[in-house]
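K.L.:
Quick one, what's the 3D model for this:
(one chain, ligands or ions: 1)
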Amino acid sequence: MPTLFDPVEMGALSLPNRILMAPLTRGRADRAAVPTAIMADYYAQRAAAGLIISEATGISREGLGWPYAPGLWTESQVEGWKPVVAAVHEAGGRIVAQLWHMGRLVPESVSGMQPVSASATRAPNRLHSYDGKQEPNEARAATLDDIARILDDYAAAARNAIAAGFDGVQVHGANGYLVDQFLRDGTNHRGDDYGGPVANRLRFMREVVEAVAGEVGMARTGIRLSPIGESQGANDSDNEALFTAAAAELERLGVPWIELREPGPRSTFRATDEAAVSPAMRRVFSGRIILNSDYVGHSAQARLDEWVADAISFGRPFIANPDLVDRIRRDAPLATADVATFYSRGPEGYTDYRTHPEQEAA
Ligand SMILES: Cc1cc2nc3c(=O)[nH]c(=O)nc-3n(C[C@H](O)[C@H](O)[C@H](O)COP(=O)(O)O)c2cc1C
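P.N.:
Coordinates of the predicted model:
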């Protein structure tokens, strides 16, 4: 069985180890969603990861509601990403862009327009905005013209990611955002070819993957899904059937890797009692499976030993431990991330985490 420190191929990507950095929104871009200079420092500090999956990055104004999150739809955003990506490469790392349309989770006050979703629904929880938490707006159901336009936006953002120097892209299909809103029958009530039976609800995901891969190549395309549990109001009456079918569809398309946020009942990030679907997905998907949520070194290696995952992605541990790969290798203690600075602006709680364990300094 491979160890976390063995290399792995994922399509066009050759990763030197299997300790990946999960996508983490940190709110350090500017008001025009342009990446800032400290983002280059932050990502370069973490370049020892087998792969960095960028924070969720908006494909359009319509699709981006998170305050100070970055985008990839304007020339200035592409220019802003270039030094960030270059810094990761200079530090010996690899980075893909997580492409994001938040659908009904975009506050109207941020985008200036009514949010779109699979169907006319409203998110259950208050949303982050530039003016603090806000009540969600009722979304309108995307028309076929909207869908065509959104697919074009995905394609353009993927093209821009490559122009900025990214090594590939990850479609954000998880966590109750637009792709997930189309996948799950709790948020998709459509009566056309994009709704109803599972095969129809997979259509939008498939078209997004095809649009993106049409620009960057399937070998540079990955996807993130969150197959179990309710996520920001998105849920399905049969997650196992839905996500096993999704994995089979991704297999048919030739997608080289799927990252799964699959928490357990004691997770500290959106726990669920639902049984993992990843074993069933693995049976129908021959590409790489990356598992996420609540892992530390030993539990991560156990999933490789059980052959249920090819790599593990770490979120909060990478926030607080820029040298996470080295710490896992040496079985050194891990620092805990400070929740108060997750989305605060500036370097505090961002680029100032120590790169060596306390014990070494002592
Ligand atoms: C501060 C923060 C920001 C996050 N941003 C994103 C994001 O941009 N995209 C995404 O898919 N998941 C995001 N997540 C979820 C993480 O990728 C990951 O699934 C979660 O932290 C659980 O993994 P962990 O236990 O290793 O931290 C975020 C989580 C946190 C804590």
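K.L.:
hey, let's count contacts and neighbours off CA atoms from now on
P.N.:
Fine.
K.L.:
Report the contact partners of the closest residue to Gly93 other than its chain neighbours.
P.N.:
Nearest non-adjacent residue to Gly93, counting by Cα to Cα, 6 or more residues apart in numbering: Ala47, 4.4 Å away. Residues in contact with Ala47, defined by Cα atoms under 8 Å, 6 or more residues apart in numbering, are 88-89, 91-94.
K.L.:
top helix in the protein by residue count?
P.N.:
helix 144-163 (DSSP state H).
K.L.:
and of the contacts of Ala47, the nearest to Pro67?
P.N.:
Using Cα to Cα, Val88 comes nearest to Pro67 of the contacts of Ala47, at 24.0 Å.
K.L.:
tell me, how many neighbours does that closest one end up with?
P.N.:
Val88: 23 surrounding residues under other Cα atoms under 10 Å.
K.L.:
and whichever strand or helix holds Ile290, C-alpha only, in PDB?
P.N.:
Using DSSP states H and E, Ile290 falls within strand 288-292. Extracted C-alpha coordinates of strand 288-292, given in PDB (Å, rounded to 0.1, in the frame of the first residue of the first chain):
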ATOM      1  CA  ARG A 288      -8.100   8.900  -8.100                       C
ATOM      2  CA  ILE A 289     -10.300   9.400  -5.000                       C
ATOM      3  CA  ILE A 290      -9.200  12.000  -2.500                       C
ATOM      4  CA  LEU A 291     -10.900  12.000   0.900                       C
ATOM      5  CA  ASN A 292     -11.400  15.000   3.200                       C
END
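K.L.:
Show me what it pairs with in its sheet, parallel or antiparallel.
P.N.:
strand 257-261 (parallel), strand 311-314 (parallel) (DSSP bridges).
K.L.:
hmm, the shortest one in reach of the ligand?
P.N.:
Yes: for strand 311-314, a contact with the ligand is found by Cα under 6 Å from any ligand atom, at Phe314.
K.L.:
do the same with stretch 28-41
P.N.:
No: using Cα under 6 Å from any ligand atom, stretch 28-41 stays clear of the ligand, with a minimum separation of 11.7 Å.
K.L.:
so Ala142 makes contact with Ala118?
P.N.:
Yes: taking Cα atoms under 8 Å as the definition, Ala142 is a contact partner of Ala118 at 5.8 Å.
K.L.:
between these two, which one's more packed in?
P.N.:
More crowded of Ala142 and Ala118, by other Cα under 10 Å: Ala118, with 29 against 18.
K.L.:
So which of the strands paired with strand 288-292 is the most surrounded?
P.N.:
strand 311-314 (a mean of 27; mean count of other Cα atoms under 10 Å).
K.L.:
Contacts for that strand, please.
P.N.:
4, 18-22, 259, 288-295, 300, 304.
K.L.:
again, but for stretch 106-125
P.N.:
61-67, 103-105, 127-130, 134-142, 178, 181-182, 187-190, 232-233.
K.L.:
do it and the ligand meet at all?
P.N.:
No: no part of stretch 106-125 sits near the ligand under the criterion Cα under 6 Å from any ligand atom; the closest distance found is 13.9 Å.
K.L.:
In contact with the spatially closest residue to Arg288 that is not a sequence neighbour, which residues?
P.N.:
Leaving out its chain neighbours, the residue that sits closest to Arg288 by Cα to Cα, 6+ apart is Trp257, at 4.6 Å. Listed by Cα under 8 Å, 6+ apart, the contact partners of Trp257 are 10-11, 221-223, 287-290.
K.L.:
now, which of these sits nearest the ligand?
P.N.:
Nearest to the ligand among the contacts of Trp257: Ile223, at 9.7 Å, using Cα to the nearest ligand atom.
K.L.:
what does the protein have sitting close to the ligand?
P.N.:
Within the chain, the positions near the ligand by Cα under 6 Å from any ligand atom are 22-25, 55-56, 261, 269, 292-295, 314-316, 342.
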